[in-house]
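Student: Return atomic coordinates for the entry below.
(chains A and B)
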Amino acid sequence: MSATIQKFNRRNFIKVSATVGGGLVIGFRWGSAAHHEKKGDALFEPNAFLKIDRNGRVTLLNQNPECGQGIKTAFPMIIAEELDVDWKDVTVEQAPLNTESYVRQVAGGSGSIRSSYTTLREAGASARAMLVAAAAKQWGVKASQCTTKNSKVYHKGKGKKAAYGDLVDAASKLSVPSDVKLKDKSDFRIFGTRIPNCDNDAIVTGAQKFGIDTKTKGMLYGAISNPPAHGLKLGGVNDSAALNVPGVKKVISWNDKVAVLATTNYAAFKGKEALRINWKENGERESSTRLNSEFARMIDNETGDTKRKVGDVHAGLKKAAKTIEAVYEVPFIAHAPMEPINMYADVKEDSAYLLGPTQTPERARQAAAKILGIPESKITVEMTRIGGGFGRRLKTDFVEDAVHASKLAGAPVNIIWKREEDMHAGNFRPAAMYKYQAGIDRDGNLDTWYMRSASTTERGAIRPENFPNGAVPNFQIDTFFVPSKVTTQAWRSPHHNVVSYLDQSFLEEVALELGKDVLEFRLELLDKAINNPDGKLDYDPVRLRDVLVAVAEMANWGKSTKNGIYQGISAHFSHHSYVGQVAEVSVKNGELKVHKYYCAVDCGQLINRSGAENQCEGGIIDGLGSAWFCDMPIVGGSSQNLNYDSYRLIRMNEAPDVETRFLDTDYPPTGLGEPALPPAPAAVANAIFAATGVRMRKLPFTQNSLA
Amino acid sequence: MASYTLSVNGSRQTVDADPSMPLLWVLRDLLNLTGTKYSCGIGQCGACTIHLNGAPIRSCSFPVSGAVGQTITTIEGLSESGDHPAQLAWKEEDVPQCGYCQAGQIMSAVALLNNNPNPSDADIDAGMSGNICRCGTYKRIRSAIHRAAEMGGAA
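Tutor: All right, here's what the predicted structure looks like:
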């Protein structure tokens, strides 16, 4: 393994030591090799990640929220690999929030596998070592002479074998080893194989429970009313018609929200529609028109906040033999997960129970503790399988709703937002405008790259660490902040999802202006970043080059002879993974058809081949669909596209085929919930240009005429 | 409010509901059949797809009063033990990501297969474009429908 894993290990060690104050490299209940004597099926439970009973049933716990990224299958696979169990013996359970046993229980940043890889391997390997030690003791042999495979321990010399289930009593009496050896790559049996989503049986039969399905005795359903325009304040509520709806029990309000509580979800929604709410104006109403004119004014006239600077872009542009300029526009878009926003809360006098689809259970608990004024230790948080996250459920606003409502109502509640309530409430991907300026020197080299970005987010809707940073001697990124009443929130692969589209589009504008092949141009720049980088590099240009070369080969780049089909290429580094893509499109009578994507990925050690491919297919389709169709204009203070009739999502007839290849590298694993998304829009935008000569300078693509 | 007797997944169920109450909420709120999902409420996403006499309908937009005397099938009633060819194909192709839309996808796919035992890609586009998958599992849904067809999906 490379040096990277060592460094990673070390960091984990420090973090975990600080947490548990113990001497071992682990983030779980290491000392408590439990003796869970139960009738007939004693459990071997050496840590918080796994249990084995006398029947050999292996229960693996998934600590992180599952929102479709596949972690509930991938995490157990990592434990199972080192534990050396047969996957058919495995049952997966969702663990609750437990900060004493687990580190980083978050679905975000594509960081789960990267953060927990070593811990999970050690959890499996130490349990395996204990089972081996138990067998060795029984057989009177050395543990080092024993091997394991498919939930059994073997001693080849003596012809012995024992199933894990038969060793649990003996293993439970042993102390947990302080040092375990992890498998060599050549011994992996599970990594890289196809393990289906562990909840498939429940999903295809309708048995799978999501947060919206939670119903308990005495519980009330709640429907939320948020301000119908951004920034409005709650005036008065006339609830008499709502209270007349059969099933409606109460109407409550807090901050600038109103909730109708009822015995059924249907009655709660009906009651909400019957509310008469007086919303008070609160200054000027927001509009996309105002934002765009502010963005344009700033990127043309003002001095921004410089986020990265290499060389001198102003001098570079001044002495350039040629300059190229382009302005790109990006709208607000919503997360629009299929499962509506919801949360269950049961608030008691000095405790609370929360259950639902949160991507950040720890933050959910912190938010609840703050509202209730009780210690976090009095609050239990459990996670349901999440019907799509995309970053929306990293926020705790909906958790706070449920906590407030349960407290005010004195009853358990499941607060469910109508689709329109989530769509108009903000939390969008920021709107932004970008001005690019490139300078070409006398020898025809790109020597200046200047990007000025105005957006509604203070940190800047940028990723300054990305290519072509490192390949251009004069490089600068400035940001401009336009405060808005429209709230924003991380949207799958935050900023990368836009920046990759922009950079990979403008790079081609430059290449074509120079009369260069668009792939060759990228490879020349990457060679420069590899051999003679300008400034500090935050990505590995070799790995970025390798995925580009691989995808070009997959797609038969530049040599494809399919009639009327045009190719576009793109590559991006995000969340520590590298992805190159080629899209194939045709355009007939102004109608775009996206036929196929090729996708080459370096995400280090592959864990679940099926899950990883699914993330690439879905990430591409999400990236393509959002760039092609998604738009949330703000008019008169209000979001305009409140449901799937006007807020267009990509559908079956628009979805391309996807072919994915994973590069076999020795790097430790990195995430895939997001990295396949960012390159997707530019691959199609570049293919559209090849087909039509029209450059997609505005998102969504439908804002540009192809006719 | 009125009393309605419905045939749901082969059994007779009597519910008290107002005539305009959509079947979606009758199933979820009154019969505790939560496999049918709410997502848009306006018949645009297909997450609430069920069968009425074998034909796919958007249960969020279909009033209970219109379902009396007809046969309602939900995802829970599609097969005895989760072994309808479409369900098997969905697992073999490992279709689901978050899984929320998949009950509706399967119900639409089964209706398509019942009408057309061997659909082409174009048939699948036409039959399935009313169902949104926000995770983008369309490629696998397409493969699963072809696979279900090979298994005799119009069971």
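
Student: can you give me the strands in chain B?
Tutor: B:2-8, B:11-17, B:49-52, B:55-58, B:71-73 (DSSP state E).

Student: Mind checking if the shortest one is in reach of chain A?
Tutor: This means strand B:71-73. No: judged by CB under 8 Å from any CB of the partner chain, strand B:71-73 stays clear of chain A, getting no closer than 11.2 Å. In this view, the C-beta of every residue, glycine as well, is placed from N, C-alpha and C.

Student: Relative to that strand, what are the paired strands and their orientations?
Tutor: Strand B:71-73 pairs in its sheet with strand B:2-8 (parallel), strand B:49-52 (antiparallel), by DSSP bridges.

Student: could you dump those strands to TSV with distance to residue A:408?
Tutor: TSV is the format used below for the strands paired with strand B:71-73 (distance: least, CB to CB, whole Å):
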stretch	distance to residue A:408
strand B:2-8	33
strand B:49-52	36
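
Student: Make JSON lines out of these and add mean pLDDT.
Tutor: Formatted as JSON lines, the strands paired with strand B:71-73 follow (pLDDT from 0 to 100):
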{"stretch": "strand B:2-8", "mean pLDDT": "97"}
{"stretch": "strand B:49-52", "mean pLDDT": "98"}
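
Student: Give me the pLDDT value at the residue nearest to the spatial centre of chain B.
Tutor: Against the mean C-alpha coordinate of chain B, by CA atoms, centre = their mean, the closest residue is residue B:107 at 3.0 Å. At residue B:107, the predicted lDDT confidence score is 98.

Student: and stretch A:353-368, average pLDDT?
Tutor: Stretch A:353-368 shows a mean pLDDT of 98.

Student: circling back: I'd like the distance between the residue nearest to the centre of chain B and chain A.
Tutor: 9 Å (CB to the nearest CB, to the nearest Å).

Student: Mean neighbour count for the strands paired with strand B:71-73 - can I get that in a markdown table?
Tutor: What follows is the strands paired with strand B:71-73, written out as a markdown table (neighbours: other CB atoms under 10 Å in any protein chain shown):
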| stretch | mean neighbour count |
| --- | --- |
| strand B:2-8 | 16 |
| strand B:49-52 | 24 |
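
Student: quick one: contacts for the residue in chain B that chain A sits nearest to?
Tutor: Here chain B gets closest to chain A at one residue, residue B:35, 2.0 Å apart by CB to the nearest CB. Taking CB atoms under 8 Å, 6 or more residues apart in numbering or on different chains, we find residue B:35 in contact with A:205, A:206, A:207, A:208, B:74, B:75, B:76, B:103.

Student: try it again with 6 Å
Tutor: Listed by CB atoms under 6 Å, 6 or more residues apart in numbering or on different chains, the contact set of residue B:35 reads A:206, B:74, B:75, B:76, B:103.

Student: so what's it closest to, chain neighbours aside?
Tutor: Distances taken as CB to CB, 6 or more residues apart in numbering or on different chains place residue A:206 nearest to residue B:35, at 2.0 Å, with adjacent residues excluded.

Student: quick one, what contacts the one you found?
Tutor: Applying CB under 6 Å, 6+ apart to residue A:206 gives the contacts B:35, B:75, B:76, B:103.

Student: neighbour-wise, which of these leads?
Tutor: residue B:75 (31 neighbours; other CB atoms under 10 Å in any protein chain shown).
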